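In: Mind looking at a prediction? Sequence and model below.
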There are 2 protein chains.
Amino acid sequence: MALIVQKFGGSSVADKERVMRVANRIVDTYKEGNSVVVAVSAQGDTTDDLIAKAQEINPNASKREMDMLLSTGEQISIALLAMAIESLGYPVVSLTGRQAGIKCDSNYGSAKIDNIQVQRLKNELDSKRIVIVAGFQGINKADDVVTLGRGGSDTTAVALAAALGADVCEIFTDVEGVYTTDPRIVKEAKKLDDISYDEMLELASLGANVLHNRSVEMAKKYNVNLVVRSSFNREPGTVVKEVNSVEKMLVRGVTRDNDVARIALLGIEDAPGEAFKIFSLLAKHGINVDIILQSIGRDTKDISFTVTESNLDKAIKLLEEKKDYIGYHELKQRSDVSKVSIVGAGMVNNPGVAAQMFEALYDAGINIHMISTSEIKVSVLVNSKNAERAVAAIHDKFHLAD
Amino acid sequence: MALIVQKFGGSSVADKERVMRVANRIVDTYKEGNSVVVAVSAQGDTTDDLIAKAQEINPNASKREMDMLLSTGEQISIALLAMAIESLGYPVVSLTGRQAGIKCDSNYGSAKIDNIQVQRLKNELDSKRIVIVAGFQGINKADDVVTLGRGGSDTTAVALAAALGADVCEIFTDVEGVYTTDPRIVKEAKKLDDISYDEMLELASLGANVLHNRSVEMAKKYNVNLVVRSSFNREPGTVVKEVNSVEKMLVRGVTRDNDVARIALLGIEDAPGEAFKIFSLLAKHGINVDIILQSIGRDTKDISFTVTESNLDKAIKLLEEKKDYIGYHELKQRSDVSKVSIVGAGMVNNPGVAAQMFEALYDAGINIHMISTSEIKVSVLVNSKNAERAVAAIHDKFHLAD
């Protein structure tokens, strides 16, 4: 007799067989006596198809009209999923983000949820209906549809769970949970039974691709019990929750992120304010910088940093335009690099962990370009061609398959 | 400086070229200094594709979920059309039926518009925006999306024109206006410059396929100036309006309807209440009956009537089940029949018109199975294989090409 929020992604509802499978899964949860609210994404490639349609007509369409267009993808999903549940003979109702009371700010294309007015949701649950909610969307104060941007459906699910005080929020994916590393790279990768919010946040932002950061942050903030599990089997998955420090493992996972490019500015005058000039310029143009490294030469210094590959050209153009303002001698760039990271909440008290990681890379003959550390992670930049070997070597070094 | 409502159907926005052409047409109207509100249908086969998707999953899906699904078709259209207008550099906003304030009753799948709350529409027009409204849809008191059923987008356009007090409501179609008969059958068919609401109503219900009856009824009720014109050229089209009796022409048009089947019940006891039994039975099961003919034999009578072909099997099944209750001797059916009709508001005072029609058919050697007349029309049932010849003969007889 629990209140359970479930989230199914686009690949889980890509065709009629999968829609029926998801419907059966939802009904099974309902039949156990639970109240069930489901957030669902657009089917398979629907969103990409809609974007392509828009591009054909207007490559610079306003974000408002893009949201009007894209939000239909989830509306189609919820209707079809509700019909599938009807065919199984269970009471169900589909709700758009607006109907589910999801109130957002007005940032078309990347809106944030302000609050959820749960009256209708509660009424439907009181009527013993399974409630299917369109993920990725809400309504703003102007009464317009807005979409939540990347990872939006995960965020919808967690927000619904928080607003309704759900017992658990189950995120169904095409993997069985959170792994010590990508099983496609390292066969011995092990599924984790549980992981802390902070660890999950590091893993998510490091390219683990299981849960979007926004949803994990929200789960942490509202203490929502998150479970990541497979939509293809009944395995229990990985629980994401607040973990006591005594349970904190040294290293929980190894990740790889290929969407990285490095920019180096060489021969910068060794004077105060240089770093400020560079990074405020990039921030002003919406370019996020990840790892930053500064080295001091004789009279000058070099600053290198990483950006996502999609931001590389824009960043280069900006820096070249402002060459005189910044005052550097030479600009170098390379995008054949990957970021390999280890994450673990126990690391903070174990400075030897980073050294062990470097040792694994040394043993494997892999050169490190940059290093960045936080309380619960260590990241290194290596050549992309070495990235998978690096992950495997580190995974082995920390005995994560045991 | 007029307020103009325009309606574009699904074929007018079927692909990106057509969307751009429609966008240009709308902008031209706007550039002349007019306020423009546009109702638009789902693109091309979108609605059929969505229905097919639903059928695959649940052939008996609830109408509520069907409406949730189908309403996305128009939402896609309005977003794409708005983007096209944005690309031309003009201010535009797309609105769903709900955002446009279209309040409906709760008959999912065939809702009627209760009223239109025009505040947002007026605000957008005051801001000098072109307003693109999703046709075919509205919102009910339960805050659910409902669709308006067949001809829904025409109805949306007329309702918007009525609510806003528009100067004219232009219905763009793939024909140049209302013709004296189907130009695909009779090459000499002539476009009418104007036609009365009542004549248009008869033509619409007789299979002229230009405007849906509901929209004409609403236009008549609220005295909306309707214009039917081509989306492919700039010809003025046909004006549908209240016409003075002095202007009433004898015969305005000839129509053909192939979606007709005849049922004959032979050997019914000649007693009161028989017709009631038959037609209340059919009405109770939602079967509309068109032409009814009753003939008296010696001790018994025969009753024949027409239904649409889609209702034929259901009607036959009902009548066979109730054979003892109705008390007839034999049931006959045929679906190889067509209804050919002439329409003209002047007919009411000219009883000779029907005779002229029969003469044309006699000269062409075409047998008449049934006859039905109203104040402004005469319909006959003929073999389907003769229908086109019948239309041509009648069109010629009344010199409609002159």
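Out: Done, it's in.
In: Quick one: mean pLDDT over stretch A:5-22.
Out: Here stretch A:5-22 scores 94 as its mean pLDDT.
In: try stretch A:117-131
Out: Mean pLDDT, taken over the full extent of stretch A:117-131, equals 97.
In: buried residues in that stretch?
Out: Under the neighbour-count criterion of 16 or more other Cβ atoms under 10 Å in any protein chain shown, stretch A:117-131 has A:118, A:120-121, A:124-125, A:129-131 buried. Just so you know, the C-beta spots here come from the backbone N, C-alpha and C atoms, and that holds for glycine as well.
In: Looking at those residues, which one is closest to residue B:165?
Out: Taking Cβ to Cβ as the measure, residue A:120 is the one of these closest to residue B:165, at 34.6 Å.
In: doesn't residue A:98 make contact with that closest one?
Out: No: counting by Cβ atoms under 8 Å, residue A:120 stays clear of residue A:98, with 10.0 Å between them.
In: Report the two of the buried residues of stretch A:117-131 separated the most.
Out: Farthest apart among these by Cβ to Cβ are A:118 and A:130. That separation is 16.1 Å.
In: After the host helix or strand of residue A:120, heading C-terminal, what element do we hit next?
Out: Residue A:120 belongs to helix A:119-126 when elements are defined using DSSP states H and E. The helix or strand immediately downstream of helix A:119-126 is strand A:130-134, counting by DSSP H and E.
In: and that following strand, what does it pack onto?
Out: For strand A:130-134, the elements it packs on are helix A:16-31, strand A:35-40, helix A:63-87, strand A:92-95, helix A:119-126, helix A:152-164, judged by 3 or more Cβ pairs under 8 Å, 6 or more residues apart in numbering or on different chains; DSSP states H and E.
In: I'd like the mean pLDDT over the third one, please.
Out: Along helix A:63-87, the predicted confidence averages to a pLDDT of 98.
In: again, but for the shortest one
Out: Within the predicted structure, the mean pLDDT of strand A:92-95 is 98.
In: Any idea how far it is from the middle of the chain?
Out: 27 Å (Cα atoms, centre = their mean, to the nearest Å).
In: Tell me which helix or strand in chain A has the weakest average pLDDT.
Out: Counting by mean pLDDT, DSSP states H and E, chain A has its least confident helix or strand at strand A:292-296, which shows a mean of 76.
In: contact partners of it?
Out: Applying Cβ atoms under 8 Å, 6 or more residues apart in numbering or on different chains, the contact partners of strand A:292-296 are A:270, A:275, A:279, A:301-305, A:370-372.
In: Out of the residues you listed, which comes closest to chain B?
Out: Proximity of the contacts of strand A:292-296 to chain B (Cβ to the nearest Cβ) peaks at residue A:279, which lies at 34.4 Å.
In: hang on, that closest one in a helix?
Out: Yes: counting by DSSP: H, G, I helix; E, B strand; the rest coil, residue A:279 is part of a helix.
In: Run a quick neighbour tally on it.
Out: 15 (other Cβ atoms under 10 Å in any protein chain shown).
In: what's the spacing between residue A:382 and chain B?
Out: In this structure, residue A:382 lies at 43 Å from chain B, with Cβ to the nearest Cβ, to the nearest Å as the measure.
In: Return the list of strands paired to the one helix or strand that residue maps to, each annotated with direction.
Out: Under the assignment given by DSSP H and E, the secondary-structure element containing residue A:382 is strand A:377-383. Partner strands and pairing direction for strand A:377-383 (DSSP bridges) are strand A:330-343 (antiparallel), strand A:370-374 (antiparallel).
In: now the angle between strand A:377-383 and the helix or strand just after it, please.
Out: Following the chain from strand A:377-383 toward its C-terminal end, the next helix or strand by DSSP H and E is helix A:384-397. Put simply, helix A:384-397 runs at 140 degrees to strand A:377-383, going by axes from the mean of the first three to the mean of the last three Cα atoms, to 10 degrees.
In: CA atoms of helix A:384-397 as PDB?
Out: Output of helix A:384-397 as PDB, limited to C-alpha atoms (Å, rounded to 0.1, in the frame of the first residue of the first chain):
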ATOM      1  CA  SER A 384      40.700   9.200 -26.200                       C
ATOM      2  CA  LYS A 385      42.300   6.100 -27.700                       C
ATOM      3  CA  ASN A 386      43.600   5.100 -24.200                       C
ATOM      4  CA  ALA A 387      40.400   5.900 -22.400                       C
ATOM      5  CA  GLU A 388      38.800   2.400 -22.400                       C
ATOM      6  CA  ARG A 389      42.100   0.800 -21.300                       C
ATOM      7  CA  ALA A 390      42.400   3.400 -18.600                       C
ATOM      8  CA  VAL A 391      38.900   2.600 -17.200                       C
ATOM      9  CA  ALA A 392      39.700  -1.100 -17.300                       C
ATOM     10  CA  ALA A 393      43.000  -0.700 -15.500                       C
ATOM     11  CA  ILE A 394      41.600   1.500 -12.800                       C
ATOM     12  CA  HIS A 395      38.500  -0.700 -12.300                       C
ATOM     13  CA  ASP A 396      40.900  -3.600 -11.800                       C
ATOM     14  CA  LYS A 397      43.200  -1.700  -9.500                       C
END
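In: isn't residue A:308 right next to residue A:286, touching?
Out: No: contact status for residue A:308 versus residue A:286: not in contact, 11.3 Å apart, counting by Cβ under 8 Å.
In: Which residue of these two possesses the greater neighbour count?
Out: The residue with more neighbours, out of residue A:308 and residue A:286, is residue A:308; 16 against 8, by other Cβ under 10 Å.
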